[in-house]
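Turn this into a structure:
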Amino acid sequence: MTAVGNYGSLEPKGKSAAADRGETRGVRFGGLKSSASTSSEERIESDSWFHRDFSIRGGFGQSVRNLFGGGRGSMIESLLGPTDHSFSDMVQEKGGLGLDYSSVDRGIIDTAVWHSRKLSLIQDRTVGRDSGVTDRRAHMLNQCQGGGYVYDHEAVKRLERERVRLEYALVVFTGLVMAVIGVAVSRTADNILEMKLDSALEWHETHGNWYRGFFQHVGTSVALAMIAFMPVAIAPVSGGSGIAEAKAVLNGIIVPLCTDLSTALCKAISVVCSVAAGLPAGLEGPMIFLGLAIGDNANRLVPRNKPKFDLLRTDRQRIDFAAVGCAAGVAAAFRSPISGILFAMEEGSSFWSTRLTWRCFLSACVTVITMYAIMTRMGRGHAFHVTSMAVFNGIDEERFSDLVKGNVEDHPNFDLWEYAMFVVMGSLGGIVGAFFCVVNRKIAILRRRLSLTTTQKGIEVFCIAATTAILIWVLPSLSMFTKCSNLESRHLGESYFRQFNCPEGQYNELATLLLNPLGAKGITLLFTEGDADAFCLTTCLVAGCVEFFILIVAFGMSVSAGIFIPLLFAGACFGRALALFLNNSVFDDIYLDPRTYAIIGSASTLGGVARVLISLTSIVTHTVSLSFFMTPVMVACLFSQEVGNYVSGMPGIYDIILQLRGVPFLEEECPFGARHANIRARNIMSPGGVVSLMSQIKVKDLVGVLREHEHSDFPVTDVENGTLIGMISRIDCLALLTQKRIFYSNAEEPVQDGTREFIRTESMESYDSTDSVEDATLTYLELDQARHPNVPTGDNIGANLTAQDGQLYLHLTPYMQIAPITVHGHGSAERAYEVFRCLGLRSIVVVDNSSRPIGIIKRHQLALLEEVGHSEHKVARQKQKSFVYRKGSGFKNQFE
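Prediction:
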């Protein structure tokens, strides 16, 4: 067997005047230009619907041509005014943003074989057959030509009920699995961390051997950090927080290996060891990532041999299940189901709907209830009890605080005038968050420039882990930072406090904050202990600065770690320190509750870094179990976001990560620069022109197109006049090439005037004469099974085909997307962006006045709209240099 050779240009012989003028960009491949009609019984002819409608649109097209015209002096050009061609130059120069990333198509499937599948399901259910049988008996042509099909509404309702049942079963399954993983990860990380700390502190506090405890603490911390590094070295995408990757996936971007279960396993192992190592790390980001992976893989449980469930395996449903998993991940991290829903809506999913809200609601609810059931049965021995929710929220069971018991007098409180203070704190949190984002971005850029090897990344983790372990052990030992306070007056139990160099009955304030799990105990102490003497001003500042500055450097190294918990801890320390300073130095008759400002400080700092509003308000309010703190947290989050955006001039940390990685993330609204610039759809088309396929194409030509062009979608044009009739994906073309039985031959291939023109005869010989016309077309189930997960590339495409196979033909019409979304070349780029983003498309076709494709717009070109007003001057400067060089060299300027 020999591979198919190169293909030739199969442009129809007679070109139109518009093509001569250059309006139609690109190349058309394929072609059986018919001079004689054939019956549908002899061949599959699905273009007839287009020809019947063409006469109606022809009259309208003539009036449109009078308006749009083809020359520079047309009426539409005078109405639009001068077009901003600088962006076109930038598109031609860069090609787009994030060209290494591909995307999925959330559009509704609208192919002939897909509709044939639906008709078959209804027919089978109507006659009482099993709904899982193949749909070949209800082939598209038989249905369209009066094959006895009658719409049965009851059958449709039964099919929909079965699909909905499986859908909600998968949602519940996602919540259950996420609950088990959440308990396992959180408990394992906290238990290992406490065992490590207790073992080291025992040598110091019990045996009086400070050095033995020091070396054991540093050694185990570094060892755990290196174990956390190993999974990330194997799967680099498992490093970091994971929220940026989740946003990209839910935006429709394919991040290679991101949602694989092996990557999720590496993520879980790495975050457990990172937290146990004492690094400034939280579980929330990796939890969201784990939920994303579980939800994204949930549709693998859908039976492939049951056509009634095919809708659950589409890209649209897969992304929605991933959003459900993200909601379950947030619920597992903070044990707050409403926070999970709000986070998935605000920061996660780019395509929200009421139906998705209910699914996230169910999944998050199942997650939290299951986690509570597991945690109450693990060593607790009692069933559900309202007061035991204190244990669930991280407060010691042995000694509940008055806050948890419901003593109103001991609640954190504030007066109405303090809303002004919350505005100030929110603004300060925005400044701190802007500082974090700017510095961490510079460090990330430095890491990229250094191009660290795997060994160097491991050395970086070793150094940061060792420095962190040394600081949190040595600082509480220094006399300048050591302050001992009485343990008797504290609300929480003795297990929360560290003696560390202090007399019996007292605790070391700094050691209590640094040598404890940040989330389980550190934040709880700052939120709960109301006495001003619990932690002094110096202790709060030192503890907050240590965690904050280490986090700035550590975030981005090759371990899995979230930043919510460390930032909440640092913000709580800063807020409490501010209240203590004002009480001691400014206010004489007014007392500011340190707990109140610890709560507001934590929300302000995290809001200034992550720039989230609604979900953060819910998370903090749920954490403190005080509903009346809702509005103070809202005010602080609002101002922290606005001030952070203004001071830094850049978005939140997760958007910065996406920008640095060159991910073509599309925001909900078109960038403001592009909205005010006069940019047309034709100015943002993908460079290189468009490659169109005719509805009937030679096999070797299709192989050649796929080998030379790596486009994800190809417009399908009419054989007669090149008018757009559909769109077919690359993966479907590759699948069709593996099904030789659908190939057919043509008897004559004349060559006239150097241009190939194929004449179809009355009878078309099938590749396999034993197959009927009906069998020569794949069903949707067969097409889906032919899609190989490992897509071949380069010369591997068509390697299984012989030279004889290459001379046969393929009919693409049954498998193409009928009437794809298009935009006229004169249409605004803003409208093209809006259509693309709202519908979640993978590509959108740009057409001319005659509905012929002249280009394709992908997310890579739309993402460049963010640079309008920022990068055009660079392109202009490069053009000017090129002009000077060529003019001096005697060559013609290519930009003239």
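
Would you map the helices across the stretch 451-600 of the chain?
454-474, 509-514, 523-528, 537-554, 564-585, 594-610 (DSSP state H, counting those that start in this stretch).

Most tightly packed of the ones you listed?
Mean neighbour count (mean count of other CB atoms under 10 Å) peaks for helix 594-610 among the helices of the stretch 451-600 of the chain, with a mean of 31. Where C-beta positions appear, they are placed from N, C-alpha and C, glycine not excepted.

Which strands or helices does that one pack on?
helix 418-450, helix 523-528, helix 564-585, helix 614-624, helix 630-648, helix 653-660 (3 or more CB pairs under 8 Å, 6 or more residues apart in numbering; DSSP states H and E).

Could you report the distance from residue 576 to residue 634?
Per CB to CB, to the nearest Å, residue 576 is found 20 Å from residue 634.

Take the helices of the stretch 451-600 of the chain and lay them out in a markdown table including distance to residue 868.
Below are the helices of the stretch 451-600 of the chain laid out as a markdown table (distance: least, CB to CB, whole Å):
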| stretch | distance to residue 868 |
| --- | --- |
| helix 454-474 | 36 |
| helix 509-514 | 47 |
| helix 523-528 | 42 |
| helix 537-554 | 31 |
| helix 564-585 | 33 |
| helix 594-610 | 26 |
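
Between these, which one is closest to residue 798.
helix 454-474 (37.1 Å; CB to CB).

so how far is that closest one off the chain centroid?
In terms of CA atoms, centre = their mean, to the nearest Å, the centre of helix 454-474 is set 31 Å apart from its chain centre.

Mind checking the pLDDT average for it?
Mean pLDDT, computed over helix 454-474, is 95.

ok, the nearest residue to residue 630 once chain neighbours are set aside - contacts?
Using CB to CB, 6 or more residues apart in numbering and skipping the chain neighbours, the partner closest in space to residue 630 is residue 621 (5.2 Å). Going by CB atoms under 8 Å, 6 or more residues apart in numbering, residue 621 touches 627, 629, 630, 633.

most surrounded residue in these?
residue 633 (26 neighbours; other CB atoms under 10 Å).

Helices of the stretch 751-896 of the chain, residue ranges please.
Along the stretch 751-896 of the chain, counting by DSSP H, counting those that start in this stretch, helices occupy 780-786, 803-806, 829-839, 859-863, 872-889.

by contact count, what packs against the shortest one?
Contacts of helix 803-806 with other secondary structure elements, assessed using 3+ CB pairs under 8 Å, 6+ apart, are made with helix 699-708.

Any stretches of the stretch 301-450 of the chain with poor pLDDT?
Low-confidence segments of the stretch 301-450 of the chain, defined by pLDDT under 70: 379-410.

where exactly do the helices run in it?
So, for the stretch 301-450 of the chain - with DSSP H, counting those that start in this stretch - the helices run 315-334, 337-343, 354-377, 389-392, 402-405, 418-450.

what angle do the third one and helix 315-334 make?
Angle, helix 354-377 to helix 315-334, by axes from the mean of the first three to the mean of the last three CA atoms, to 10 degrees: 30 degrees.

Distance from the chain centre to helix 354-377, please.
For helix 354-377, the distance to the chain centre is 22 Å (CA atoms, centre = their mean).

Would you mind measuring from residue 507 to residue 534?
From residue 507 over to residue 534 (counting by CB to CB), the distance is 10 Å.

Adding distance to residue 806, write the helices of the stretch 301-450 of the chain out as TSV.
Converted to TSV, the helices of the stretch 301-450 of the chain look like this (distance: least, CB to CB, whole Å):
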stretch	distance to residue 806
helix 315-334	31
helix 337-343	53
helix 354-377	46
helix 389-392	66
helix 402-405	76
helix 418-450	45
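
Those helices: which one's closest to residue 544?
helix 418-450 (9.8 Å).

Just the buried positions in the closest one, please.
Buried positions in helix 418-450, judged by neighbour count with 16 or more other CB atoms under 10 Å: 418, 421-423, 425-438, 440-441, 443-444, 447.

Where does pLDDT dip in the stretch 651-800 of the chain?
Those would be 746-775, 789, if you go by pLDDT under 70 across the stretch 651-800 of the chain.

Between the two ends of stretch 606-617, how far is it?
11 Å (CA to CA, to the nearest Å).

Just list the residues touching residue 605, thanks.
Residue 605 sits next to 429, 432, 433, 567, 568, 570, 571, 574, 640 when contact means CB under 8 Å, 6+ apart.

same deal with residue 742?
736, 767, 776, 777, 778, 810, 811.

Please report which of these has the highest neighbour count.
That'd be residue 777 among the contacts of residue 742, by other CB under 10 Å, with 26 neighbours.

Surely that residue touches residue 111?
No: distance between residue 777 and residue 111: 11.5 Å, which falls outside the contact criterion (CB atoms under 8 Å).
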